[in-house]
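Novice: Kindly return the folded structure for what I paste below:
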Amino acid sequence: MSVPKKNLPIHEVKKFISNYKNNYLIEDELLDYYKEYGKEKNYEFFYNIFEFQKKKLFLPYTLDKNNNFDYFGMPINFFYDDNISIFSNDLKKFFKKLKIDSEINFKFKIKKNLNSLQLLLSEIKKNEEIYEESTIDLNLKNEEIFKQFSKGHRYEINRKTRLKYKIIDWTNYKKDQILEMMKLHESVANKKTRSKKSWIINENMIQNKKGFLIFVSDNGKVISSSFFFMNNFSSIYFSSCTIRDYFSKTGITHKTIWYAIKYLKENNCKYLDLGRSKTYHVSHENIKERNIEKFKHSFGGIKNLYLQTSSMNKIFEN
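Specialist: Residues are numbered from 1 along each chain as shown. The predicted structure is shown next:
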């Protein structure tokens, strides 16, 4: 029997999840960030733990003021140690009991490998997506990681420029430095991109050893900034902004990620999550997003396949 739980301490949740270190969705600092970022929607955070034959499934979710069921506006994720189908009856009863009017989008890892992709694509429906996410394995040696990069990426990283790269973490961070990135972000976007408080939460991450910045300067002027979230196990390439005139001339982001990889290895991180890196089927085409995906895909790394769907039946088929 599953009992909904609301706003309990995350350290209590982690007791139920064997691989919680790599589950960024349940880090306290990220939950704070998501809550602030979507504040106008008044998200309430809940989670459920399903148990069957000593196996556990963890389901975090939110409800907003319009009773939308998702995860801070993102698709629902399932975390489990074994085959998800063993929880099928409990999950179906749970969603039926919720009586949510709107369509629920689920995201889950596909156990089938990329060789099965053609079959998956032939079965996909109009509003479903299949995509992969890239993760850099930091357990490898630097030269092994570098070899996986595309020829173009390797060239950009090796190209000499006058630009200076500086890593800022808890050891050398000065109060309000994150606001330099905020101002650059707003200047590049020509608008306010998110609340100041959400940037202060990023500052708290750095001060709590859960994040770091990389500033890129040209003659003392910051022209690019990137923020990486990290815990004791893994890291996320969180956000980045670069003055457009520089973006097309030099491989700034290529080198930034390479500096981040070397920093994370020195700090015993095991993986760097680059996020979505290739979409095989998407319901709505977006050229800018496709170019970002192509950039991330060219770093090589571990490729995991995901399906975003509203079909409960598809969840149990994979």
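Novice: hang on, residue 103 packs against residue 311?
Specialist: No. Judged on Cβ atoms under 8 Å, residue 103 makes no contact with residue 311 at a distance of 10.1 Å. The way it works is simple: take the backbone N, C-alpha and C, and place the C-beta from them, glycine included.
Novice: how close does the nearest residue to residue 268 once chain neighbours are set aside sit to residue 204?
Specialist: Distances taken as Cβ to Cβ, 6 or more residues apart in numbering place residue 232 nearest to residue 268, at 7.8 Å, with adjacent residues excluded. Relative to residue 204, residue 232 is positioned 17 Å away (Cβ to Cβ, to the nearest Å).
Novice: Equivalent analysis for residue 98, please.
Specialist: Here the criterion is Cβ to Cβ. By it, residue 98 lies 33 Å from residue 204.
Novice: again with residue 91
Specialist: When distance is defined by Cβ to Cβ, residue 91 is 35 Å away from residue 204.
Novice: who has more neighbours, those two?
Specialist: residue 91 (21 against 15; other Cβ atoms under 10 Å).
Novice: what residues does the helix or strand hosting that one touch?
Specialist: Element membership of residue 91 [criterion: DSSP states H and E] is helix 88-98. Contact partners of helix 88-98, identified using Cβ atoms under 8 Å, 6 or more residues apart in numbering, comprise 2, 48, 50, 52, 57, 59, 69, 104, 312, 315-316.
Novice: Quick check: end-to-end length of stretch 119-135?
Specialist: 24 Å (Cα to Cα, to the nearest Å).
Novice: Compare residue 103 and residue 311 and say which one has the larger neighbour count.
Specialist: With neighbours defined as other Cβ under 10 Å, residue 103 and residue 311 compare such that residue 311 has more, 14 against 9.
Novice: Kindly tell me how buried residue 140 is, as a neighbour count.
Specialist: Residue 140 is flanked by 15 other residues according to other Cβ under 10 Å.
Novice: Tell me how far it lies from residue 148.
Specialist: Look at residue 140 and residue 148: by Cβ to Cβ, they are 8 Å apart.
Novice: And for residue 33?
Specialist: Taken as Cβ to Cβ, the span from residue 33 to residue 148 is 30 Å.
Novice: Who has more neighbours out of these two?
Specialist: With neighbours defined as other Cβ under 10 Å, residue 33 and residue 148 compare such that residue 33 has more, 22 against 17.
Novice: How about the more buried one: what's its closest non-neighbour residue?
Specialist: Using Cβ to Cβ, 6+ apart and skipping residues adjacent in sequence, the residue nearest residue 33 is residue 201, 4.8 Å away.
Novice: give me the number of residues near that neighbour?
Specialist: Counted with other Cβ under 10 Å, the burial measure for residue 201 works out to 21 neighbours.
Novice: Also residue 241?
Specialist: Residues contacting residue 241 under the criterion other Cβ under 10 Å number 22.
Novice: Please apply the same query to residue 261.
Specialist: A count of nearby residues for residue 261, using other Cβ under 10 Å, gives 20.
Novice: need the helices for the chain, in chain order.
Specialist: Across the chain, reading from the start of the chain, the helices by DSSP state H fall at 10-13, 28-37, 88-98, 117-123, 142-148, 151-158, 178-189, 196-207, 244-247, 252-266, 287-297, 312-317.
Novice: Let me see the contact set for the spatially most central residue of the chain.
Specialist: The residue at the geometric middle of the chain, judged as the C-alpha nearest the mean C-alpha position with Cα atoms, centre = their mean, is residue 275 (5.2 Å). Listed by Cβ under 8 Å, 6+ apart, the contact set of residue 275 reads 133-134, 236-237, 296.
Novice: what about stretch 214-223, average pLDDT?
Specialist: When pLDDT is averaged along stretch 214-223, the result is 95.
Novice: Listing request: residues of the stretch 101-250 of the chain with sub-threshold pLDDT.
Specialist: Scanning the stretch 101-250 of the chain for pLDDT under 70 picks out the ranges 101, 111-116.
Novice: Can you tell me how far residue 298 is from residue 57?
Specialist: Remark: distance between residue 298 and residue 57 (Cβ to Cβ) = 35 Å.
Novice: When these two are compared, which one has more neighbours?
Specialist: When residue 298 is set against residue 57 and neighbours are counted by other Cβ under 10 Å, the residue ahead is residue 57, at 22 against 18.
Novice: Quick check: the gap between the more buried one and residue 27.
Specialist: Distance, residue 57 to residue 27, using Cβ to Cβ: 19 Å.
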